[in-house]
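Undergrad: Sharing a model prediction with you, sequence too.
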2 protein chains.
Amino acid sequence: MKRSERLVAMTHYILDRPRNLISLPFFSEKFDAAKSSISEDLGIINKMFQHEGIGYLETISGAAGGVKYIPAFSLEGSSRFVEELCEKLEDPARLLPGGYLFMSDLLGDPETIRNIGKLFASAFRNKDIDVVMTVATKGIPLAYAVASFLNVPVVIARRDPKISEGSTVSINYVSGSTRKIQTMVLTKRSLSQGSRVCIIDDFMKAGGTINGMRNLLMEFDAELAGIGVLAEAEDEEEDRVVDDYLSVVQIVNADERRGSIEVRPGNLLNKI
Amino acid sequence: MKRSERLVAMTHYILDRPRNLISLPFFSEKFDAAKSSISEDLGIINKMFQHEGIGYLETISGAAGGVKYIPAFSLEGSSRFVEELCEKLEDPARLLPGGYLFMSDLLGDPETIRNIGKLFASAFRNKDIDVVMTVATKGIPLAYAVASFLNVPVVIARRDPKISEGSTVSINYVSGSTRKIQTMVLTKRSLSQGSRVCIIDDFMKAGGTINGMRNLLMEFDAELAGIGVLAEAEDEEEDRVVDDYLSVVQIVNADERRGSIEVRPGNLLNKI
């Protein structure tokens, strides 16, 4: 196989397995090429990944060594994406009662979701994360996108237990949107003790739901490793109960009566 | 930029945008290379994608032409993946009351989900699909994975309307698992008239839920373009109300009392 052909196959193989350790001998055998050639190939791939602003190859030396693709969006690409997102969200037709925004169209676009996943994975790239957690329903695609680039599993808390999930642990929490006490459940076998968990959700006002997930983690003796939300907005009646989090965008003024809305980049860009 | 470097960047660009039409002049300008060189590069990429069993480049000629990456898993890779999945599912510890199977661990693994997405996208590659639809909760990651390889948006029906979604259309249906009349809602602005919809879900017994989605499509004057389920199982009490569907696996014997279970490849492999 020619180098040019090998590079196409290797690029696909690496991109398809973010944060997987791939050994040089594996590539060497798969493509029937000398280790020195494979080494050179990886140098070219690493250079181009950085050039394209999509991350880099981390080299782990030693007998059990190899390379890992670490997805890391460039600041330039990230800023451009976040600014475009802000513009799309500033459409007054998105305003819903209670200061909420219609975002289902954006959340339904797999490319947008994948890009948001890359953003969070870039911002959390130096955190030690074992699992991504969210609560049904809207955070689910985001959680999978993040988990996919971090190469960790997803667990989903639900508002009601379901027959096809087995035994569950449940907690009560106060939801900001309804001011009611709600229940959140998580399947017992889904999270092991000591897991380092990254919480992902689509929207946060006072943070009651995210706080609920944090309480659920305590029941499982799991650790909080990070919190990421797509959009944050002020709650007029309640102070925020969550402080250390990253947000992609910040809704600063959603005035249904006037039909006006202002959306700014959130604090996530500072971590890129 | 050298050809070897350009090939890495082009491979990433193409893989990141399945079913997007990319013009030769675009690549020519982006990489400051002659159209004839770009053409040769695309030939190499096409050859290697087929060699790796991940699909092919479709060439659209003419002034508005270019190439499109069509994801299509090879039969060999698909069969191997489905067989491994069957083995994992045959673990008796997965048996839950009512002939259900614990699958949350597999559904929580982004790589497994991505591979299932590739399978469905390969099987549906010649269908004209505008949107993928599922119902909350477990089908959501599958629906996104399929949609991502088909390059179409996802719409999610819910069992209850939510404040942050705007006006909804609702229908009633009979759920197989509870034998109760349930409600399913879909946001009004999420689906336009005449859309060709592919329905994706995780589990099907009699098919009541999928039939509910089909009825919802009629309310939106949308068309059914295909149905895909991860796992199908016989319902002991009720005949199936859905016939034309693809399944990845088939649960033929789930006997909770004996602690035995048999899982076979579904009919999807016939379409690869």
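TA: Alright, I've got the coordinates.
Undergrad: Mind checking if stretch A:125-142 is in reach of chain B?
TA: Yes. Interface with chain B: stretch A:125-142 contributes A:136, A:137, A:138, A:140, A:141 (Cβ under 8 Å from any Cβ of the partner chain). C-beta here means a position set from N, CA and C on the backbone, and glycine is covered the same way.
Undergrad: likewise stretch A:44-59?
TA: Yes. If you take Cβ under 8 Å from any Cβ as the test, stretch A:44-59 does meet chain B, through A:44, A:45, A:47, A:48, A:49, A:51, A:52, A:54.
Undergrad: So which elements touch the host helix or strand of residue A:47?
TA: Assigned by DSSP states H and E, residue A:47 falls within helix A:35-51. In this structure, helix A:35-51 makes packing contacts with helix A:3-15, helix A:24-30, strand A:55-60, strand A:66-71, helix B:3-15, judged by 3 or more Cβ pairs under 8 Å, 6 or more residues apart in numbering or on different chains; DSSP states H and E.
Undergrad: will you turn these into a markdown table that also has mean pLDDT?
TA: Shown next, in a markdown table, are these (pLDDT from 0 to 100):
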| stretch | mean pLDDT |
| --- | --- |
| helix A:3-15 | 98 |
| helix A:24-30 | 96 |
| strand A:55-60 | 97 |
| strand A:66-71 | 97 |
| helix B:3-15 | 98 |
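Undergrad: Sheet partners, orientation included, of the lowest-mean-pLDDT helix or strand in chain A?
TA: Of all helical and strand segments in chain A, the minimum by mean pLDDT, DSSP states H and E falls on strand A:100-101, at a mean of 80. Here strand A:100-101 has these sheet partners by DSSP bridges: strand A:95-96 (antiparallel).
Undergrad: rewinding a little: quick one: the least confident helix or strand of chain A to chain centroid distance?
TA: Put simply, strand A:100-101 sits 21 Å off its chain's centre (Cα atoms, centre = their mean, to the nearest Å).
Undergrad: same check, this time on stretch A:64-84
TA: Here stretch A:64-84 is found 12 Å from its chain centre; the criterion is Cα atoms, centre = their mean.
Undergrad: So is it next to chain B?
TA: No. Contact of stretch A:64-84 with chain B (Cβ under 8 Å from any Cβ) is absent, the minimum separation being 10.7 Å.
Undergrad: now the end-to-end length of that stretch.
TA: End-to-end distance for stretch A:64-84, by Cα to Cα, to the nearest Å: 43 Å.
Undergrad: ok, residues contacting it?
TA: Stretch A:64-84 has contacts (Cβ atoms under 8 Å, 6 or more residues apart in numbering or on different chains) with A:14-15, A:17-24, A:26, A:42, A:46, A:49, A:53-60, A:115, A:118-119, A:121-122, A:125, A:149, A:248-249, A:265-266, A:268-269, A:272.
Undergrad: Can you say which of those are buried?
TA: Buried members of these, scored by 16 or more other Cβ atoms under 10 Å in any protein chain shown, are A:14-15, A:18-19, A:22, A:24, A:42, A:46, A:49, A:54-57, A:115, A:118-119, A:121-122, A:125, A:149, A:248-249, A:265-266, A:268-269, A:272.
Undergrad: sorry, back to before: how about TSV for the helices and strands packed on helix A:35-51, with distance to residue A:161 added?
TA: Shown next, in TSV, are the helices and strands packed on helix A:35-51 (distance: least, Cβ to Cβ, whole Å):
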stretch	distance to residue A:161
helix A:3-15	38
helix A:24-30	43
strand A:55-60	39
strand A:66-71	35
helix B:3-15	39
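Undergrad: who wins for proximity to residue A:209 among these?
TA: Residue A:209 lies closest to strand A:66-71 among these, at 27.2 Å (Cβ to Cβ).
Undergrad: pLDDT on the helix or strand that that closest one is followed by, on average?
TA: Downstream of strand A:66-71, the first helix or strand assigned by DSSP H and E is helix A:75-89. Across helix A:75-89, the average pLDDT comes to 97.
Undergrad: Return the set of buried residues in helix A:75-89.
TA: A:77, A:78, A:81, A:82, A:85, A:86, A:89.
Undergrad: among the residues of stretch A:44-59 next to chain B, who's most crowded?
TA: When neighbours are counted by other Cβ atoms under 10 Å in any protein chain shown, residue A:45 leads these with 26 neighbours.
Undergrad: What separation is there between residue A:204 and chain B?
TA: 12 Å (Cβ to the nearest Cβ, to the nearest Å).
Undergrad: all helices for the stretch 101-250 of chain A, in order.
TA: Under the criterion DSSP state H, counting those that start in this stretch, helices of the stretch 101-250 of chain A are mapped to A:104-107, A:110-123, A:139-150, A:208-219.
Undergrad: What lies in contact with the longest one?
TA: Residues external to helix A:110-123 that are found in contact with it (Cβ under 8 Å, 6+ apart): A:18, A:54-55, A:71-73, A:78, A:81-82, A:85, A:106-107, A:141-142, A:144-150, A:200, A:228, A:230, A:246, A:248, A:268, A:271-272, B:17, B:144, B:147-148, B:151-154.
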